[in-house]
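*Asks:* starting from these lines, generate the structure:
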Amino acid sequence: MNNKIIIYQVFTRLFGNSRTTCKEHGTLAENGCGKMSFFDATTLRRIKRLGATHMWYTGIIRHASKTDYSEAGIPRQHTAVVKGNAGSPYAIADYYDVDPDLADNVDDRMSEFQALVDRTHKEGLKVIIDFVPNHVARQYKSIKKPDGINDLGETDNTNMGFSPNNNFYYCVGAPFEPYFDLNDESGIPYSECPAKATGNDHFDSHPGVNDWYETVKLNYGVDYCDAGGRSCHFEPTPDTWHKMAAIIDFWAQKGVDGFRCDMAEMVPTEFWNWAISKIKATYPNILFIGEVYNPSLYRNFVACGFDYLYDKVGMYDCLCGVMRGACPASEITRQWQSVDDIKEHMLYFLENHDEVRIASDFLANDGKKGIPAAIVSVFMNKNPFMLYAGQEFGERGMDKEGFSGRDGRTTIFDYWTVMSLYHGYVNRRKMSVNEKTLEKTYSLILGLANKEKAVSDGLFFDLMYANKDVASFNMSSLYAFLRKCDNEVLLVVANFSNESISCGIRIPQHAFEYFGMKEKDVTATDLLSKGETLQFTLKADDVVSMSVPGCYGRVYKFSV
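*Replies:* Predicted structure coming up:
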């Protein structure tokens with residue numbers, strides 16, 4: 001049996017922060033910060049009991065920040081090119097270093113990270129961290145790179161806008177002059193000449209405030225401005241390729257089990273094919289998870305070695321639409337069908353650090369409305385599911401933290417305490433009834449994914465096409481399917497409506513043929529309730545009658 005992968009994403013800086021000041025635009029000294037040490041055996045066991053198999057520790061690698069650690073030998077960052085007081089974890093300042101905010105003792109930050117990896121493994125969980133390959137902080141400078149490795153840009157010819165030997169792209173002779181103020185708090189202007197191209201493929205020296213102006217684009221041998229077109233220069237192997245593969249190997253040696261690769265589609269597939277095969281030759285079980293938003297590119301990235309890809313522009317967007325009532329539940333069928341040939345490579349999720357919270361005013365206003373979507377995402381196929389810390393408590397993401405603003409997301413730029421996480425992991429006596437109920441529900445769903453072989457290893461059969469003409473089956477609110485492994489069958493029904501629905505579900509002849517089932521009388525037990533049973537005759541093209549609670553579902557298990 002292969003375990004169903006359940007990834008629990010934590011924004012390490014926020015998780016476990018016990019200071020409740022929560023001052024808008026607060027500094028580290030004012031608002032505090034979560035530490036790696038918070039993830040002790042007790043906390044990790046609780047997360048594992050929730051159902052997690054993998055921990056994604058977001059924001060481990062040192063990134064640009066306004067907090068001054070110069071006394072520890074860490075270069076200060078000019079505040080004009082840092083977003084928020086804490087900075088974006090995707091503006092990497094040193095690929096070989098750990099964020100000092102996360103350490104109890106700054107000088108021991110790498111050994112504290114190693115201890116975190118060891119503790120996580122000891123509790124039976126695997127470790128995923130971010131690999132940010134497309135861009136770095138504007139003032140990137142490694143102070144922790146191993147001997148014999150040149151720093152990024154150290155040998156670049158800055159008189160060339162593009163060279164396959166350069167690590168960056170340059171606006172030759174032009175200073176960095178974005179369309180906003182470049183002064184820091186003391187009035188000292190930021191200076192960069194020649195300007196480097198900005199991380200979101202902005203190849204002139206004038207990025208706007210909505211660009212990724214705090215980052216610079218890395219050069220993998222693609223000339224994006226070759227006489228108005230694009231040309232590739234991959235032989236000999238570009239210098240950036242070697243440096244980035246060395247970085248992946250560095251963290252793999254620390255015991256990291258996988259990498260969530262930020263904006264993977266902005267880096268050429270030729271690099272990924274070369275780098276992933278190189279790393280997996282030494283670490284065959286290491287995972288590569290790609291943030292790819294263009295469905296037409298999915299198969300290219302699977303072919304070059306990615307284990308899993310975000311199913312964002314597809315299943316995630318669809319499930320959000322169903323939660324909002326903007327599209328029918330029957331649309332889910334079209335989404336899985338569009339990637340059916342690579343379905344086991346798709347990573348399902350309902351929240352992450354980029355997206356709005358389910359319970360926010362910008363999506364569903366209530367965390368429980370995500371439960372039917374979770375039932376679908378977790379039980380539908382063998383592929384992984386990812387849960388963002390706080391989702392299991394109905395975190396609303398409606399705080400106005402500072403740079404982030406009140407946008408329905410949990411900030412990645414500010415020092416803050418996420419109160420639902422504070423309740424869930426720091427002071428459980430503060431938990432509300434709704435938080436306790438939702439956590440229990442997620443734990444039940446994820447626990448079943450860990451336990452039931454039909455979920456991790458079983459075949460899948462979509463029942464929607466067979467129920468279009470069943471009068472009591474609401475195609476807008478209900479989604480139904482079967483899973484089967486050996487002699488065990490799960491009949492799964494998710495109800496996206498707020499109200500309980502009495503319905504009939506037809507199981508077609510083709511399902512009997514596909515699963516090799518015979519007609520018989522069965523007693524099915526609902527795994528999502530306290531042992532409720534349903535007796536029916538399992539007969540081809542007959543309708544099974546049931547009641548499905550609102551914002552919930554049924555997972556009826558029976559033997560054939």
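*Asks:* those helices in this protein, which residues are they?
*Replies:* 28-31, 41-50, 109-122, 239-253, 269-282, 298-303, 317-324, 331-338, 371-379, 419-421, 433-451, 453-456, 509-515 (DSSP state H).
*Asks:* for these, which one sits closest to Phe168?
*Replies:* Smallest distance to Phe168 across those (CB to CB): 8.9 Å, for helix 239-253. Any C-beta I mention is one placed from the backbone N, CA and C, and that applies to glycine too.
*Asks:* point out where the stretch 1-150 of the chain drops to low pLDDT.
*Replies:* For the stretch 1-150 of the chain, residues meeting the criterion pLDDT under 70 lie at 1-2.
*Asks:* go through the helices of the chain and pick out the most buried.
*Replies:* helix 371-379 (a mean of 26; mean count of other CB atoms under 10 Å).
*Asks:* format the helices of the chain as JSON lines; extra columns: distance to Lys468.
*Replies:* Below are the helices of the chain laid out as JSON lines (distance: least, CB to CB, whole Å):
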{"stretch": "helix 28-31", "distance to Lys468": "53"}
{"stretch": "helix 41-50", "distance to Lys468": "37"}
{"stretch": "helix 109-122", "distance to Lys468": "47"}
{"stretch": "helix 239-253", "distance to Lys468": "48"}
{"stretch": "helix 269-282", "distance to Lys468": "40"}
{"stretch": "helix 298-303", "distance to Lys468": "29"}
{"stretch": "helix 317-324", "distance to Lys468": "17"}
{"stretch": "helix 331-338", "distance to Lys468": "11"}
{"stretch": "helix 371-379", "distance to Lys468": "18"}
{"stretch": "helix 419-421", "distance to Lys468": "40"}
{"stretch": "helix 433-451", "distance to Lys468": "27"}
{"stretch": "helix 453-456", "distance to Lys468": "25"}
{"stretch": "helix 509-515", "distance to Lys468": "14"}
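*Asks:* confidence score at the residue nearest the centre of the chain?
*Replies:* The chain has Asn352 as the residue nearest its centroid, 5.1 Å off, counting by CA atoms, centre = their mean. On pLDDT, Asn352 comes in at 98.
*Asks:* contacting residues for Leu538?
*Replies:* Ile507, Met517, Glu519, Lys520, Asp521, Val522, Phe558, Val560 (CB atoms under 8 Å, 6 or more residues apart in numbering).
*Asks:* adding distance to Arg357, write these out as JSON lines.
*Replies:* JSON lines is the format used below for these (distance: CB to CB, whole Å):
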{"residue": "Ile507", "distance to Arg357": "36"}
{"residue": "Met517", "distance to Arg357": "41"}
{"residue": "Glu519", "distance to Arg357": "46"}
{"residue": "Lys520", "distance to Arg357": "45"}
{"residue": "Asp521", "distance to Arg357": "45"}
{"residue": "Val522", "distance to Arg357": "40"}
{"residue": "Phe558", "distance to Arg357": "36"}
{"residue": "Val560", "distance to Arg357": "40"}
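*Asks:* surely Val313 touches Ser296?
*Replies:* No - the criterion here is CB atoms under 8 Å, and Val313 misses it with Ser296 at 10.0 Å.
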